[in-house]
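# Sequence isn't available, so here's the structure alone:
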């Protein structure tokens, strides 16, 4: 039996709504990290050559925004237009949180359009990364976890205790 046949005949490990709930749990936790990040350090603080947290957050926003739309519709935005690439960032942390919340709404609106077949479809995400859409989605989630971890390092170095990583509600 070929791999594609196997995928079609076996029930998924998690249902689509469970995957969405998992992702949104991570987004809620990341939002908490953004909220407690000191305003005066959000756009400037860096350690060891890492980008400031605002740029990491904008990357998370760009990937989630363009990713959910691309996976749902097949219309992928070019990564060249991303705010974290071209420096088009919100001017305040509050504005960043507003954009974060707008993307959360967009995820919830586009998610029901993603069929089982769309998750398996191989496409060139953002005009650059070819792979199955489910793999792109897992990358987007992994990328958020990675950058949130950098935010945790920043917070600890600033004397701020980050929220427990398991609190995703």
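All right, it came through fine. Values in this document were obtained by computation on a predicted structure and should not be read as measured data.
# For residue 75, give its distance to residue 20.
Noted for residue 75: a distance of 20 Å to residue 20, by Cβ to Cβ, to the nearest Å. The C-beta positions use only the backbone N, C-alpha and C, and glycine is treated the same way.
# Residue 61 now?
Taking Cβ to Cβ as the measure, residue 61 falls 17 Å from residue 20.
# For the helix of greatest length in the chain, which outside residues touch it?
Identified as the longest helix of the chain according to DSSP state H is helix 133-157. Helix 133-157 has contacts (Cβ atoms under 8 Å, 6 or more residues apart in numbering) with 19, 22-23, 26-27, 29-30, 33-34, 36-37, 41, 45, 47, 50, 53, 56-57, 59-60, 63-64, 67, 70-71, 114, 118-123, 125, 129, 161-162, 165.
# hmm, try it at 7 Å
23, 26, 29-30, 33, 36-37, 45, 47, 50, 53, 56, 59-60, 63-64, 67, 71, 118-121, 123, 125, 129, 162 (Cβ atoms under 7 Å, 6 or more residues apart in numbering).
# Which members of the residues you listed are positioned in strands?
Among the contacts of helix 133-157, the members found in strands (DSSP state E) are 123, 125, 129.
# Quick one, grab the pLDDT at the last one.
So the one you mean is residue 129. Turning to residue 129, the model gives it a pLDDT of 91.
# Mind checking the pLDDT average for the longest helix of the chain?
Averaged across helix 133-157, pLDDT comes to 97.
# buried set for that helix?
By 16 or more other Cβ atoms under 10 Å, the buried positions in helix 133-157 come out as 133-134, 136-137, 140-141, 143-144, 147-148, 150-152, 154-155.
# Tell me the one of those residues nearest residue 14?
Minimum distance to residue 14 across the buried residues of helix 133-157 is 10.6 Å, recorded for residue 134 (Cβ to Cβ).
# Now do residue 16: how many residues are near it, please.
Using other Cβ atoms under 10 Å, residue 16 is surrounded by 15 other residues.
# what sits against it?
residue 114.
# follow-up on the earlier one: which of the contacts of helix 133-157 are buried, as a ChimeraX select command?
Here is the ChimeraX selection string for the buried members of the contacts of helix 133-157, based on 16+ other Cβ under 10 Å:
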select :23,26,29,30,33,37,45,53,56,59,60,63,64,67,71,118,119,123,125,162
